[in-house]
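Undergrad: only geometry, no sequence info:
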């Protein structure tokens with residue numbers, strides 16, 4: 001089972017977004033038979049089998065094992081991944097394009113860049129899996145707290161200068177055997193609840209002046 005799988009097919013995306021099938025995918029992180037799954041979901045086994053066949057058709061579930069029970073063979077199914085991401089490729093006609101309005105200070109442009117990241121990495125994973133090759137990637141993920149909007153702006157300027165320096169140092173336009181890599185640097189407000197400070201109450205937040 002994969003940790004994460006990328007859904008690129010429109011019909012597969014539609015199948016995964018069905019609320020009942022999405023719940024089945026969550027349950028099938030652990031292999032189960034249709035009978036067991038029907039009991040948990042309180043659905044007729046025939047209906048569960050129908051949904052399982054559809055999920056299997058799109059490669060979202062797979063056969064884990066077969067068990068003989070008297071004159072019958074019970075199929076035990078499992079999800080092909082612990083979680084799924086739907087690629088913008090599944091919505092090809094309306095997928096976001098960062099080139100339409102490149103504004104590095106726009107949250108919507110950031111979202112378009114992130115969508116392209118999902119699309120590109122999804123395609124790379126698919127290709128690498130078919131070729132039985134590893135995929136060279138690297139990512140950083142962290143969190144920091146700015147004391148003021150001025151500090152945030154200063155951080156953005158220093159980060160831009162630092163990245164530009166690294167690009168100038170390592171980019172080799174004429175390398176005959178070089179390979180192009182895309183890099184993305186993003187900063188956005190955290191959606192996590194604010195940390196609790198038990199020593200003293202925090203002052204009420206003041207409006208920022210940008």
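TA: Everything's here; your move. Note that the coordinates shown come from a computational prediction; the quantities given were computed from them, not determined experimentally.
Undergrad: if I look at residue 119, how far off is residue 90?
TA: Separation of residue 119 from residue 90 (CB to CB, to the nearest Å) stands at 9 Å. C-betas here are computed from N, CA, C, even on glycine.
Undergrad: what about the helices in this structure?
TA: 10-17, 19-27, 34-41, 45-57, 107-131, 149-170 (DSSP state H).
Undergrad: Which residues does the first one contact?
TA: So that's helix 10-17. By CB atoms under 8 Å, 6 or more residues apart in numbering, the residues outside helix 10-17 that reach it are 7, 21-22, 25, 54-55, 57-60, 84, 86, 90-92.
Undergrad: could the helices of the chain go into TSV alongside distance to residue 77 and mean pLDDT?
TA: Formatted as TSV, these follow (distance: least, CB to CB, whole Å; pLDDT from 0 to 100):
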stretch	distance to residue 77	mean pLDDT
helix 10-17	14	94
helix 19-27	9	95
helix 34-41	7	94
helix 45-57	6	95
helix 107-131	21	91
helix 149-170	46	96
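Undergrad: a markdown table please, covering those and showing distance to residue 180.
TA: Formatted as a markdown table, the helices of the chain follow (distance: least, CB to CB, whole Å):
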| stretch | distance to residue 180 |
| --- | --- |
| helix 10-17 | 29 |
| helix 19-27 | 35 |
| helix 34-41 | 45 |
| helix 45-57 | 36 |
| helix 107-131 | 12 |
| helix 149-170 | 12 |
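Undergrad: closest one to residue 141 among the ones you listed?
TA: helix 107-131 (12.9 Å; CB to CB).
Undergrad: Check which residues of the closest one are buried.
TA: The neighbour-count check on helix 107-131 (16 or more other CB atoms under 10 Å) flags 109-110, 112-119, 121-122, 125 as buried.
Undergrad: Also stretch 134-154?
TA: Of the residues in stretch 134-154, those buried (16+ other CB under 10 Å) are residue 152.
Undergrad: before we move on, back to that, out of the helices of the chain, nearest to residue 75?
TA: helix 34-41 (7.1 Å).
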